[in-house]
Structures are given as C-alpha cells and as structure tokens.
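Colleague: Predicted model and sequence follow; I will ask about them next.
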Amino acid sequence: MPATIEEATEVDLDLGAAFVRLIPQLSSSSPAPDVDQLAEIIATPGTTVFMARADDGTLIGSLTLVTFRIPTGLRAIIEDVVVDEAARGQGAAKALTKAALAKAESLGIKTVDLTSRPSREAANQLYQSLGFELRETNVYRFSFGA
Ligand SMILES: CC(C)(COP(=O)(O)OP(=O)(O)OC[C@H]1O[C@@H](n2cnc3c(N)ncnc32)[C@H](O)[C@@H]1OP(=O)(O)O)[C@@H](O)C(=O)NCCC(=O)NCCS
C-alpha cells in the first residue's frame, strides 16, 4: 500500500521523532532540526514540508518544497528528500515528489529544480523517472567558515 502524503502543518513529538530518524539517513553532517526549528520551517511562507505516512501511522519519509518569486518568474526547489531505509522501494519518495510537483503546478510555478549527487543512484533514478531533466549548468556553493 503506497504511503499517504500530507503537508506538515503543526509540530508534535511524532514529527520531531520522525526527523530524528530520517535526517541521519540523508546527511552525516547536519543534525535533525529541533521542535523550534521545525516550527520555524513550517511557518515560513513558501516552504512546505511533505511527510509520507505508512498504513500503521508511522512517518516514513519527508520532502521539502521551497517556492519563491524572482525577476524571471515563480520558481521552486525540492530539498531534503529522504525515506526511512526500512520503507524504501514502496513508492513513498515517488508519492512525495508527485505531491510536491502537484502543489508547485497549482501555484503557477514555472520550474522546479533540485540537485542530487551522482552517487545517489536511487534518487537520480527517481527524479529522471518523474520527468526531471539533467541541466547543463555548474552548481556552485560558497561555504562560510570553510
Ligand atoms: C532516494 C530515496 C528517497 C528513494 O526513496 P524510495 O521511497 O525508496 O523510492 P520509491 O520507492 O518511491 O522509488 C521511486 C523510484 O526511485 C527509483 N529507485 C528507488 N530505489 C531505487 C534503487 N535502490 N535503485 C535504483 N532506483 C531506485 C526507481 O526509479 C523508482 O521507481 P520504480 O519503482 O518505478 O522503478 C531513498 O532511497 C533515500 O532516502 N535515500 C537516502 C537519501 C537520499 O539519497 N535522498 C535523496 C537526496 S537528493
């Protein structure tokens, strides 16, 4: 049974615990957000945190959609996509990404961007299977304190 997708609208212990489980499966350097940080994320205009919930009620995955208006139009990015290892391969990430694309489309967004390291094979396969196309561009990052 595919996961049910919902937008996180309030922070409770369940949501906090889900991020404590999920973030280490996404990043080895970033700690999970605490409840105050989660509340701030959810309250930020243009930021939508989608959660995937299994049949038994467990939160098994997450994806964040950020929408913004810039001079060239309304745009969006998808970040922090992760599904609990025990629940992978059952369509949760696909359902999360489709929900984010549906929301972006409903908002009149022109393009949705994301990045994924080539070594993340499952993720790259997922995005391409949903119609994301590889762009010819250089991705740069400036790190403070590097
Ligand atoms: C990438 C990730 C989110 C996929 O989650 P998932 O719920 O298992 O993915 P789904 O079951 O929805 O699979 C959707 C598609 O992804 C691809 N995919 C999923 N697992 C795959 C794997 N092990 N190998 C290759 N492709 C895979 C397939 O195209 C699949 O579509 P299909 O089932 O029709 O073939 C999950 O593996 C994960 O959390 N990985 C660690 C964190 C990460 O890499 N996040 C992405 C950051 S950019």
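Modeller: The structure has been received and is ready for your questions. Numbering: from 1, shown residues only.
Colleague: where in this structure is pLDDT low?
Modeller: Judged by pLDDT under 70, the chain has its weakly predicted residues at 146.
Colleague: Name the residues of it found near the ligand, please.
Modeller: 25-26, 81-83, 88-94, 116, 120-123, 125-126, 129 (CB under 6 Å from any ligand atom). For glycine as for every other residue, the C-beta is placed from the backbone atoms N, C-alpha and C.
Colleague: What is the end-to-end distance of stretch 116-127?
Modeller: Chord length of stretch 116-127, first to last residue, is 9 Å (CA to CA, to the nearest Å).
Colleague: So which residues of the protein form strands?
Modeller: Taking DSSP state E, the strands of the chain run over residues 4-7, 47-53, 59-70, 73-83, 111-113.
Colleague: Test my guess that E85 contacts L22.
Modeller: No: counting by CB atoms under 8 Å, no contact exists between E85 and L22, whose distance comes to 9.7 Å.
Colleague: So if I had to pick from the two, which one is more boxed in?
Modeller: Using other CB atoms under 10 Å as the criterion, E85 and L22 rank with L22 on top: 21 against 11.
Colleague: burial count for T67?
Modeller: So T67, with other CB under 10 Å, has 19 neighbours.
Colleague: begin at 179 from here
Modeller: All set: I'll call the first residue 179, so the last point we hit is now T245.
Colleague: which residues touch it?
Modeller: By CB atoms under 8 Å, 6 or more residues apart in numbering, the contact list for T245 reads 224-226, 252-254, 282, 285, 287.
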